[in-house]
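Undergrad: sequence and predicted structure below; questions after.
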Amino acid sequence: MSNQTNPNMIVDELETLYASAVSALTDALDRFLREGQPPDGETRSAGAFCYPELVVRYDPDGPPPPISRAFGKMSEAGVYASTITRPAFFRDYLVEQLTPLLRDYDVEVEVRRSTSEIPYAYVWDQGQAKGLDEISPAELARWFPSPKLQHIGDEVADGELFDVGDERPIALFDAPRVDFSLNRLTHYCGTPAADFQKYILFTNYQRYVDVFCDWAVERVRQPGPYTRLSVVGGQSVDADTPEARELVANASWGRFQMPACHLMTEDGTGITLVNIGVGPSNAKTITDHLAVLRPQCWLMVGHCGGLRHSQAIGDYVLAHAYLRDDHVLDAVLAPDIPIPPIAEIQVALQEVAASVTGESGGALKKRLRTGTVVTTDDRNWELRFSEQARRFNQSRAIAIDMESATIAANGFRLRVPYGVLLCVSDKPLHGEIKLPGAANRFYEKAIGEHIRIGIETLERLAKDGGSALHSRKLRAFDEPPFR
């Protein structure tokens, strides 16, 4: 137990407790594997396998000061606590959140051992504990803490309210929820969770990944912030990697449901690109898990069907509103909840589009249209268009796709700034349907320019530091102190 006032020393204590718990758990697993000796009850009752917990107590003499920033603030007096996992990995984030709290509020901070045990699967390194996979999970769960779904949820993010006097969370996600998602990211994306960067691009076509990787291989060879490119299957290239393009091209992309690649910097402010495939289910799945990393923002750069006669194939759609027919979030974020655009991202996307295309004024306005995007969960929506035409008309929609509203709505729900820039690949209402020959010509012309807009937008936002992205419009009135 401690009462520290220095953010880095607080994280040091979290690291010490976490490392102690991981060491105790891995040693016990090793003894069980080698000698058949399970941990004794006294070890577990003493909390040897438990996550560290961060506790902030705030008991002001009067009302909290009216500080208007979006995070690192106390809305009311009380005790705030959350379990913390992998504090070394999250050090920058934790220090960023603690610094304004310690500076602007008279708070008491305590680091202590929690009562929440670390599930064995989250510390099990198969290289160090070879043979554990031969023991049944049921047998391991008899003796070691295992993941329990009743302890993993998004109640805080989804607006759970607290009574006066309740202990409240200091963050949106506790340690079991974070560990659950970090492991899922590796499973779905095929890369270490530690390689994910703070600025994220989503696409729904492998061709975008190919173009991004070609550009990234060249970029790591040039002076600048990027140190290496990490791709699926544990492969990575840097400035000195021979035949880097071949190595990346031959990576095991097809083995993973949503393959990722990461153009990395020393401080994690690089760019991650994830091919989420087609459909709102994948979009929700990946954003649910990426949110625990607390990225600075995520952007969707994908294809859409243009719904207006004046649009041409290759035009852009900058989404500023969404007609949510994706349905995957309806139970946790009702469709009548508005999803506001994030002004800083909208402006950056439009300005970078002008720079990359070389167009401005009326020419840019003709090529890049801002408006409402329909996101549907029915890939064959065209077969039911007569049933939906009136609603599409009333919404003033200018484009339709299968992921954008999900990306934006889950960003809003999980407090991650979001943006969407789509490229018109067909015009189904006007006889220009997506056929193989036309599609190939479109891909050759449009993908390089489109992905470049996404990259340069994220680079511009990263250069500005990202703090302005975290708008107060993403925060509820009953919000944890950490973003």
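TA: Yes, it's here. Numbering: from 1, shown residues only.
Undergrad: surely L323 is in a strand?
TA: Yes: assessed with DSSP: H, G, I helix; E, B strand; the rest coil, L323 lies in a strand.
Undergrad: what about F89, neighbour count?
TA: Residues near F89, counting by other Cβ atoms under 10 Å, number 16. The way it works is simple: take the backbone N, C-alpha and C, and place the C-beta from them, glycine included.
Undergrad: again with A399
TA: By other Cβ under 10 Å, neighbour count at A399 equals 28.
Undergrad: residues in contact with it?
TA: 304-307, 317, 319, 371, 373-374, 422, 424 (Cβ atoms under 8 Å, 6 or more residues apart in numbering).
Undergrad: before we move on, which element is it in?
TA: strand 397-401 (DSSP states H and E).
Undergrad: strands paired with that strand, and their directions?
TA: Take DSSP bridges as the rule and strand 397-401 pairs in its sheet with strand 297-306 (antiparallel), strand 368-376 (parallel).
Undergrad: and the next helix or strand past that strand?
TA: Beyond strand 397-401 toward the C-terminal end (DSSP H and E), the next one is helix 404-413.
Undergrad: just the strands in the chain please.
TA: Taking DSSP state E, the strands of the chain run over residues 50-58, 78-83, 107-117, 199-203, 226-231, 235-237, 260-265, 271-275, 297-306, 316-325, 368-376, 397-401, 418-426.
Undergrad: of the ones you listed, which is nearest T26?
TA: For T26, the closest of these is strand 107-117, at 13.6 Å, according to Cβ to Cβ.
Undergrad: what's the distance between the most centrally placed residue in the chain and R177?
TA: Centroid-nearest residue in the chain, with Cα atoms, centre = their mean: L290, separated by 2.7 Å. Separation of L290 from R177 (Cβ to Cβ, to the nearest Å): 13 Å.
Undergrad: next: P66.
TA: For P66, the distance to R177 - Cβ to Cβ - is 31 Å.
Undergrad: the more surrounded of these two?
TA: R177 (25 against 6).
Undergrad: could I get the contacting residues of the more buried one?
TA: 152-154, 292.
Undergrad: what's the farthest-apart pair in those residues?
TA: Largest pairwise distance in these, by Cβ to Cβ, is 12.7 Å, between G153 and V292.
Undergrad: so for those two, which residue has more residues nearby?
TA: The residue with more neighbours, out of G153 and V292, is V292; 24 against 15, by other Cβ under 10 Å.
Undergrad: which non-adjacent residue is nearest the residue nearest to the centre of the chain?
TA: Once flanking residues are discounted, L290 sits nearest to I200: 6.4 Å by Cβ to Cβ, 6 or more residues apart in numbering.
Undergrad: just L458 next, same as before
TA: Y199 is the one closest to L458 (Cβ to Cβ, 6+ apart), at 4.1 Å.
Undergrad: residues near the one you found, how many?
TA: Neighbours around Y199, by other Cβ under 10 Å: 25.
Undergrad: OK, contacts around it?
TA: Counted by Cβ under 8 Å, 6+ apart, Y199 has contacts 269-272, 295-298, 458, 461-462, 466.
Undergrad: return the closest of those residues with respect to P169.
TA: Using Cβ to Cβ, the contacts of Y199 come closest to P169 at P295, 19.7 Å.
Undergrad: which ones are touching the closest one?
TA: With Cβ under 8 Å, 6+ apart, P295 has these contacts: 196-200, 416.
Undergrad: what of I451?
TA: Contacts of I451 (Cβ under 8 Å, 6+ apart): 201, 203, 208, 211-212, 215, 301.
Undergrad: ok, Q206 next?
TA: Contacts of Q206 (Cβ under 8 Å, 6+ apart): 253, 259, 275.
Undergrad: hmm, try it at 7 Å
TA: For Q206, the contacting residues are 253, 275, by Cβ atoms under 7 Å, 6 or more residues apart in numbering.
Undergrad: same thing with the one 10 residues further on?
TA: Residues in contact with A216 (Cβ under 7 Å, 6+ apart) are 229, 263.
Undergrad: can you give me the domain boundaries for the protein?
TA: Domain ranges of the chain: 7-185, 276-474, per automatic domain parsing.
Undergrad: sounds good, over and out.
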